[in-house]
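> show me how the following folds:
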Amino acid sequence: MRKSLESSGKSVEEAVENALRELSVNREDVEVEVLEESVKGLFGILGTRPARVRVTVKEKLADRVISLLRDITAEMGVHPDFTVEEDDEEIKVTLTGRNMGVLIGRRGETLNSLQYLVSLAANRNQEQRRKIMLDVEGYRRKREETLQNLAVKLADKARRRGGASSWSR
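Predicted coordinates:
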């Protein structure tokens, strides 16, 4: 849910500044809708009306990702904690908690599918697409280590048996 606030001031800019201060955000993080321009009254006294604006905080992509994940995992009966790391190209979300195996699935298939769906939904209608990476309790790192160890074992086995020529026999 996006946070909005209506504010007023002697000018549109003052009304916006008042709202930014109250919301504790920067100008680039909001959308501003001018509801009413200020009107100077007769002799600057009679009929004077302040400017009114509605300032809405823009939803960040990482917030959208977390919101989607909360909804999906809740439907799966899991309530993880989320840790987010982000840069200009990527958002990495690590999920931790109880019963996380259901989010990983067999050989990470559920995790990969979840990552794909969340990435599609979160990047929808975005000017700049960012890669979404999901990990559950370090599963991806552990899986990578397992595959590297397997590759080393298979390479050693191939070396002992005489290299690539033994594969063609």
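
> what bits of the protein have low per-residue confidence?
Scanning the chain for pLDDT under 70 picks out 1-2, 41-47, 163-169.

> my guess is M133 meets E89, correct?
No: using CB atoms under 8 Å, M133 is not in contact with E89, being 10.4 Å away. For glycine as for every other residue, the C-beta is placed from the backbone atoms N, C-alpha and C.

> mind listing what's buried in the helix of greatest length in the chain?
Longest helix of the chain, by residue count under DSSP state H: helix 139-160. For helix 139-160, burial by neighbour count (16 or more other CB atoms under 10 Å) applies to 139-140.

> so which other helices or strands are in contact with the strand or helix carrying V65?
V65 belongs to helix 61-75 when assigned by DSSP states H and E. Applying 3 or more CB pairs under 8 Å, 6 or more residues apart in numbering; DSSP states H and E, we find helix 61-75 packed against strand 81-86, strand 90-96, helix 109-123.

> and the ones you listed as TSV, adding mean neighbour count and distance to V55?
As requested, the helices and strands packed on helix 61-75 are arranged in TSV below (neighbours: other CB atoms under 10 Å; distance: least, CB to CB, whole Å):
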stretch	mean neighbour count	distance to V55
strand 81-86	12	24
strand 90-96	18	25
helix 109-123	16	24
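
> so which of these comes closest to T146?
Proximity to T146 (CB to CB) singles out helix 109-123 among the helices and strands packed on helix 61-75, at 14.7 Å.

> ok, M133 and E89, which is more surrounded?
The residue with more neighbours, out of M133 and E89, is M133; 14 against 9, by other CB atoms under 10 Å.

> could you list the residues in contact with stretch 66-78?
Stretch 66-78 is contacted from outside by 79-80, 82, 84, 93, 95, 97-100, 102-103, 114, 117-118, 121-122, 134, using CB atoms under 8 Å, 6 or more residues apart in numbering.

> how near is V34 to V12?
According to CB to CB, to the nearest Å, V34 stands 6 Å off from V12.

> common neighbours of these two, please.
51, 53.

> ok, these two, which is more surrounded?
The neighbour count for V34 versus V12, taken as other CB under 10 Å, is higher for V12 (19 against 12).

> assign a three-state SS to E33, would you?
Assigned by DSSP: H, G, I helix; E, B strand; the rest coil, the conformation of E33 is strand.
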